[in-house]
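> Here is the input, now give the coordinates:
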Amino acid sequence: MYLSAENYMWETLKENEEISNKINELIGIKESFGRVKQIKWDLFYWRKANHIHKWFVDNCQNGEDECHSCDVSFSDLKELLKLCEEVMANKEKASEILPNTTGFFFGGTEYDEYYFSWTEVTIIALKRILELESMFEEKGIFITYRSSW
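Residues are numbered from 1 along each chain as shown. Reported below is the predicted structural model:
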């Protein structure tokens, strides 16, 4: 389960070529094989945090769990953060607030230390990512979620 930031490089051809040449030089390629068109950063990775996955499927993928990438807005991330914080404040209501889901390779469905650990780590990650909102908007960087089961 990956949350990524992506940016298409719309700079002039010359600027794009300069970046490509510098990268080629850095990694030891003597020929130019093309231009950089997109940069992608992995912002966060979950493993078998099926409650987080279910939330993305239900709220960002129109309920379709087909292991494809989907766009995620900052308002989506703020809503997920709010729910994670609510879970941590009301652990006995976790199944109502941010329910687990079952499926192939989805991990356990208990509301246990594993569930709450991923919820807590998600809070930390989302707070850090949300600090980047104005920069991402200014630079045209967008966020995607993708899972692979």
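> Show me what counts as buried in the longest helix anywhere in the chain.
Ranked by residue count and defined by DSSP state H, the top helix of the chain is helix 113-130. Neighbour counts over helix 113-130 (16 or more other CB atoms under 10 Å) mark 115, 118-119, 122-123, 125-126, 129 as buried. Every C-beta, even on glycine, is put in place using the N, C-alpha and C of the backbone.
> Toward the C-terminus from it, list the very next helix or strand.
helix 133-139 (DSSP states H and E).
> what distance separates that next one from the middle of the whole chain?
Remark: helix 133-139 is offset 16 Å from the chain centroid, using CA atoms, centre = their mean, to the nearest Å.
> With stretch 53-71 instead?
The chain centroid and the centroid of stretch 53-71 are separated by 12 Å under CA atoms, centre = their mean.
> ok, now stretch 116-128?
Distance of stretch 116-128 from the chain centroid (CA atoms, centre = their mean) equals 12 Å.
> about what we covered before: just checking, what packs against the longest helix of the chain?
strand 38-45, helix 50-60, helix 74-89, helix 94-97 (3 or more CB pairs under 8 Å, 6 or more residues apart in numbering; DSSP states H and E).
> what does that helix rub up against?
Residues from elsewhere that reach helix 113-130 (CB atoms under 8 Å, 6 or more residues apart in numbering): 3, 43-44, 46, 48-49, 51-52, 74, 77-78, 80-81, 84-85, 87-88, 91, 94, 98, 100, 107-108, 143.
> one more time with 6 Å
43-44, 49, 52, 77, 81, 84, 87 (CB atoms under 6 Å, 6 or more residues apart in numbering).
> ok, and which of the helices and strands packed on helix 113-130 has the densest surroundings?
Sort these by mean neighbour count, taking mean count of other CB atoms under 10 Å, and helix 50-60 sits at the top with a mean of 20.
> which outside residues touch it?
Applying CB under 6 Å, 6+ apart, the contact partners of helix 50-60 are 1, 46, 65, 70, 72, 76, 80, 98, 100-101, 106-107, 122, 145, 147.
> starting at the chain centroid, how far to it?
Worked out by CA atoms, centre = their mean, helix 50-60 lies 12 Å from the chain centre.
> tell me the angle of it relative to strand 38-45?
130 degrees (axes from the mean of the first three to the mean of the last three CA atoms, to 10 degrees).
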